[in-house]
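Q: Quick one, structure for this:
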Amino acid sequence: MESTWRRVFGSPATGASQEIMSKSNSKKRSDLVQRRDAPLATPTDLTRSATKDIAGAMNAILADVFALYLKTKNFHWHMSGPHFRDYHLLLDEQADQLFAMTDPVAERIRKVGGLTLRSIGHISRIQRVLDNDAEYVEPLDMVAELADDNKTLAARLREAHNVCDEHRDVATASLIEVWIDETERRTWFLYETSRRRN
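A: Residues are numbered from 1 along each chain as shown. Okay, the predicted model is just below:
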């Protein structure tokens, strides 16, 4: 009977082997607690200074993009007038494009070892795009304001590109180039739309 037990379950644990297993489990628990409590540390060949500068520049961009996304949706929801359908659809398309930027920007910050935005409050503390809480805004004023905000965003993207160039972060810089092009396209469309007359 004992030989069958040993074949199926192995030798009963001795005091020494129980002690080894207990130490092993204790070490695993300790390692797990240490990993859980440790700060996020994404491996990167960039210096701490580079990570700080790039994360700072890109978090400001991310806050601006979230603020501009919400302003664009606000104007989309509150559009009125004879060109409602055209403006409503244009702003919806542009809001989708802005929202599509948010995850790649945040993930890029994490990839270079930085920490990114955590809340609406965090966004509001660092955003540079001004909110517009007015109850009513003329349609052409909405379009003109968004054109100006997008133009400013393009300039800030160029500034962030310069930070990336300084630290030789070509991956972030190449993404920024695409976002500049998209932002310039939004500015162009909004500008041309604002020239429309009834």
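Q: Report the buried residues of stretch 105-125.
A: Going by neighbour count (16 or more other C-beta atoms under 10 Å), the buried part of stretch 105-125 is 105-106, 108-109, 111-114, 116-117, 123. C-beta: built from backbone N, CA, C; applies to glycine.
Q: Please list the outside residues in contact with that stretch.
A: Stretch 105-125 is contacted by residues 40-44, 46, 50-52, 54-56, 58-59, 61-63, 65-67, 126, 169, 171-172, 175 when judged by C-beta atoms under 8 Å, 6 or more residues apart in numbering.
Q: what's the answer for stretch 44-53, then?
A: So stretch 44-53 is in contact with 54, 111-114, 163, 166-167, 169, going by C-beta under 8 Å, 6+ apart.
Q: could I get those as a markdown table with distance to residue 139?
A: Below are these laid out as a markdown table (distance: C-beta to C-beta, whole Å):
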| residue | distance to residue 139 |
| --- | --- |
| 54 | 38 |
| 111 | 40 |
| 112 | 41 |
| 113 | 44 |
| 114 | 39 |
| 163 | 37 |
| 166 | 41 |
| 167 | 43 |
| 169 | 40 |
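Q: Just flag the most distant two among these.
A: Distances among the contacts of stretch 44-53 were taken as C-beta to C-beta; the most separated pair is 111 and 166, at 17.8 Å.
Q: shaky segments in the protein?
A: 1-21, 31-40, 196-198 (pLDDT under 70).
Q: which helix of it spans the most residues?
A: helix 48-77 (DSSP state H).
Q: buried set for that one?
A: 50-51, 53-55, 57-76.
Q: try stretch 184-198
A: Neighbour-count burial for stretch 184-198 [16+ other C-beta under 10 Å]: 186-187, 189-191, 193-194.
Q: How far does it sit from its chain's centre?
A: 27 Å (C-alpha atoms, centre = their mean, to the nearest Å).
Q: Domain-wise, how is this protein divided?
A: Using automatic domain parsing, the domain ranges for the chain come out as 2-37, 48-194.
Q: Is residue 143 in contact with residue 193, as I believe?
A: Yes: between residue 143 and residue 193 there is a contact under C-beta atoms under 8 Å: 5.2 Å.
Q: Pull up the overlap in contacts between the two.
A: residue 87.
Q: Residue 84: neighbour count?
A: By other C-beta atoms under 10 Å, the residues close to residue 84 number 11.
Q: any idea how far residue 65 is from the residue nearest to it when sequence neighbours are not counted?
A: Closest residue to residue 84 apart from its sequence neighbours, by C-beta to C-beta, 6 or more residues apart in numbering: residue 139 at 7.8 Å. In this view, residue 139 and residue 65 are 23 Å apart by C-beta to C-beta, to the nearest Å.
Q: Run the chain-centre distance for the host helix or strand of residue 161.
A: Residue 161 is part of helix 139-166, with elements assigned from DSSP states H and E. Its chain's average C-alpha position is 17 Å from that of helix 139-166, according to C-alpha atoms, centre = their mean.
Q: wait, doesn't the residue nearest to residue 84 sit right on residue 81?
A: Yes: with contact defined as C-beta under 8 Å, residue 139 reaches residue 81; the gap is 4.7 Å.
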